[in-house]
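Novice: give me a model of this one.
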Amino acid sequence: MTLAIAVPLFTRAFALSDVGNAGVFELDGNIVKDATTALPTDWGNGPGGTGLFSSTGTTNPLPPGGLDAHWVNDGPHSDSDTTTYTTGSKDTLDISANWACTPSNNITPKDDILHAYSFAIVPQSGSRTGHLLVYGGFERFANNGAGDLGLWLLQDPTVSCSSSKGAVSFTGVHVVGDILAVGEFSTGGSVTTLNLFEWVGVSKANPLGLMNITATGGADCTVAPVTANVCARSNTGPISTPWSTQDKTSAPNTLATAEFFEVGIDLTGLLGQNAPCINRFIFDTRTSPSLTATLMDYAEGALATCPTATISTNVSPSPIPFGGSATDTATVTLTTASTVSGTVTFNVYGPFSSPPTSASCTSSSLVTPFSPNTVSIGPGASPQMATSGPFTPSATGYYAWTATYNPSGPRNGNTVSTGCGDANETLLVLSIPKITAFDFTNTPTNDDPTLGSGTVVYTFKIHNYGAPVTLSGSLTVSGTANSIACTGGNSLALQGSLPAGMDATFSLTCTYSGASGQNVQATINAMFTDVNSITHIVSGSPTTYIFTIQTS
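Specialist: Coordinates of the predicted model:
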């Protein structure tokens, strides 16, 4: 009767079987994707298209809202298993001090895990929009007995263990808020028991260290209410696998009834905005659904539900002349396809007489009132950029910028900062070489200006107030006079190095003749090239001085 109902309603059935009717994952008791749309997805490629993992277990591009997904090989049964628990490892004990692993060649067939996989997603639409949903699944070697299992969702990314010889202690520890799902499914494939626990730490009041948070949950997804925040499925008949698998009794790449288990958990539905940042998952098999059961085999892997943020920055332009302005642009990138949202705080330190180092940024060198300068970033898909307000230095020298990303919440990444003296975070402010004097002397022929001819000498001075520069440009003499001839030509090239604090003087002598009202004019176009090979205009340039001939 079940099959008669499921076949005509297949498309609707797997949508409804998702935890809380979220519509993002096919909790349907098989491994392959049946839906022809991007969501709901499933573990492997199937008739509906691309699932989470390829036939070799590599992760395919995640569907919209997907955070992370991992596939772990823990088989085949014929090989020695390096990830089995030693006697005494208990869920009710902390990890590194009490859990240990050891290799095994004779795991009980029904307890031997072949593959395990995980998936985390924040739906972008539907009944669970914005919730953090975590899914897990595993295969076992045989079905000659009920399946008892646990699934740890751990915050410590260092939790791990593997041994090729003898007992080895686990690394890592429990963190308050770690989640444990414990369930049991029958040999017919129905999920009979499913409970969720939160690690709260061992105490006199709670000697087991775990608190039951199942409350709004269900066991088998086929009968769980739409309000459930957790439910699971097992296969009620033989299923094929999209990757190489061999169980005890079936043909290759086939799993017999009750050899596959998958679970969906709405962590936001259970814990609200206090859902922990998961970094590791461990599936285990056990002797019973009791919290104190003996643990058997396990498969571990990564699962990042909170992305890690990186930040890169670039000050532009740099260098700038004194009186100019610069901004800093920060780019925030997340390790998973998540939303960048929050603020970026920019700080400026200086001025320094030399390029800043990691030790240069102190409270005494912080430039106020510009700092701190906080701007919004996002919300938007990673990566996102934010630009500071314009900073106009009040003194010359080197300045160090820092930028800090402050996420709106853990789903938007972690707080991350650039360091003092980081690449692309140094601003150099240069004093502008300045024309400090510009003069001329006019000597008419026989001291008689009515003759309309004579000699004019143009002289100007450039003073360098800052770092060494190289001068360029020209002093050019022209005009409407009948004739103008300068020593060495009517254009004098401005060239040469100008050290800090020094003057450069340029002079050009010219003879002229003309009538009253005609003129002789000198134009300065002075440039300087700074230590970073960037060319700027000398302050006071260009400038022109016009001398008018008078004969009466």
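
Novice: pLDDT (mean, whole number) over stretch 316-326?
Specialist: In this model, stretch 316-326 has an average pLDDT of 88.

Novice: contacts for that stretch next, please.
Specialist: 315, 327-329, 390-393, 395-396, 426-432, 465-466, 530-532, 534, 536 (Cβ atoms under 8 Å, 6 or more residues apart in numbering). In short, each C-beta sits where N, CA and C put it, glycine included.

Novice: from the chain's centroid, how far away is that stretch?
Specialist: Centroid displacement of stretch 316-326 relative to its chain, using Cα atoms, centre = their mean, to the nearest Å, is 29 Å.

Novice: out of the contacts of stretch 316-326, which are inside strands?
Specialist: Judged by DSSP state E, those include 315, 327-329, 426-430, 536 as members of strands.

Novice: by neighbours, which of the residues you listed wins?
Specialist: D328 (27 neighbours; other Cβ atoms under 10 Å).

Novice: is it in contact with T313, as I believe?
Specialist: Yes. Using Cβ atoms under 8 Å, D328 makes contact with T313 at a distance of 5.7 Å.

Novice: what is in contact with those two at once?
Specialist: In contact with both D328 and T313: 401, 403, 425, using Cβ under 8 Å, 6+ apart.

Novice: which strand runs longest in this structure?
Specialist: strand 339-352.

Novice: what's the average pLDDT for the helix or strand just after that strand?
Specialist: Following strand 339-352 in sequence order, the next helix or strand is strand 373-381 (DSSP states H and E). Across strand 373-381, the average pLDDT comes to 96.

Novice: for stretch 240-257, same thing?
Specialist: 97.

Novice: what does stretch 430-439 give?
Specialist: Mean predicted confidence for stretch 430-439 is 86.

Novice: so which bits of it are buried?
Specialist: 430-435, 438 (16 or more other Cβ atoms under 10 Å).

Novice: same thing with stretch 517-534?
Specialist: By neighbour count with 16+ other Cβ under 10 Å, stretch 517-534 contains the buried residues 518, 520-528, 530.

Novice: distance from the chain centre to the longest strand of the chain, please.
Specialist: On Cα atoms, centre = their mean, the centre of strand 339-352 falls 16 Å from the chain's centre.

Novice: that one vs strand 426-430, what angle?
Specialist: 40 degrees (axes from the mean of the first three to the mean of the last three Cα atoms, to 10 degrees).

Novice: closest to P109 out of the buried residues of stretch 430-439?
Specialist: Closest approach to P109 among the buried residues of stretch 430-439 (Cβ to Cβ): L430, at 76.4 Å.

Novice: pretty sure the closest one sits against T529.
Specialist: No. Using Cβ under 8 Å, L430 makes no contact with T529, being 10.7 Å away.

Novice: which neighbours do the two share?
Specialist: Contacts common to L430 and T529, judged by Cβ under 8 Å, 6+ apart, are 469, 536.

Novice: could you give the mean pLDDT of the longest strand of the chain?
Specialist: Here the average pLDDT along strand 339-352 is 96.

Novice: who are the packing partners of that strand?
Specialist: Under the contact definition 3 or more Cβ pairs under 8 Å, 6 or more residues apart in numbering; DSSP states H and E, strand 339-352 sits against strand 327-334, strand 373-381, strand 384-387, strand 397-407, strand 426-430.

Novice: and the next helix or strand past the longest one?
Specialist: The C-terminal neighbour of strand 397-407 among helices and strands, as given by DSSP H and E, is strand 416-417.

Novice: next, L303: phi, psi?
Specialist: phi -160, psi 100 (degrees, to the nearest 10).

Novice: what number of residues lie near it?
Specialist: 24.

Novice: rewinding a little: which one of the buried residues of stretch 517-534 is nearest T480?
Specialist: Among those, and counting by Cβ to Cβ, the member closest to T480 is Q518, at 4.6 Å.

Novice: from what I can see that closest one touches T480, true?
Specialist: Yes. Between Q518 and T480 there is a contact at 4.6 Å, judged by Cβ under 8 Å.

Novice: ok, the closest residue to W99 other than its chain neighbours - contacts?
Specialist: Closest residue to W99 apart from its sequence neighbours, by Cβ to Cβ, 6 or more residues apart in numbering: F170 at 4.1 Å. Contacts for F170 were tallied using Cβ under 8 Å, 6+ apart; they are 95-96, 99-101, 159-161.

Novice: I'd like to know which of these are buried.
Specialist: 95-96, 99-101, 159-161.

Novice: pLDDT-wise, what's the bottom of the residues you listed?
Specialist: S96 (85).

Novice: helix or strand for that one, which one?
Specialist: Assigned by DSSP H and E, S96 falls in helix 95-98.

Novice: neighbouring contacts of the next helix or strand after that helix?
Specialist: Going down the chain from helix 95-98, the next helix or strand is strand 100-104, by DSSP H and E. For strand 100-104, the surrounding residues in contact (Cβ under 8 Å, 6+ apart) are 80-86, 88-89, 161-170, 297-298.

Novice: could I get the pLDDT score of the residue nearest to L475 when sequence neighbours are not counted?
Specialist: Counting by Cβ to Cβ, 6+ apart, L475 lies nearest to L492, which is 4.4 Å off, once chain neighbours are set aside. Turning to L492, the model gives it a pLDDT of 96.

Novice: can you offset everything so residue one is 10?
Specialist: Got it, first residue is 10 now, which makes that one L501.

Novice: who are the contact partners of L501?
Specialist: Contacts of L501 (Cβ under 8 Å, 6+ apart): 483-485, 495, 515, 517.

Novice: centre of the chain versus the helix holding S105, how much separation?
Specialist: That offset, for helix 104-107, works out to 32 Å (Cα atoms, centre = their mean).

Novice: swap in stretch 503-519?
Specialist: For stretch 503-519 - counting by Cα atoms, centre = their mean - the centre lies 51 Å from the chain centre.

Novice: buried stuff in that stretch?
Specialist: Going by 16+ other Cβ under 10 Å, stretch 503-519 has these buried residues: 503, 507, 513, 515, 517-519.
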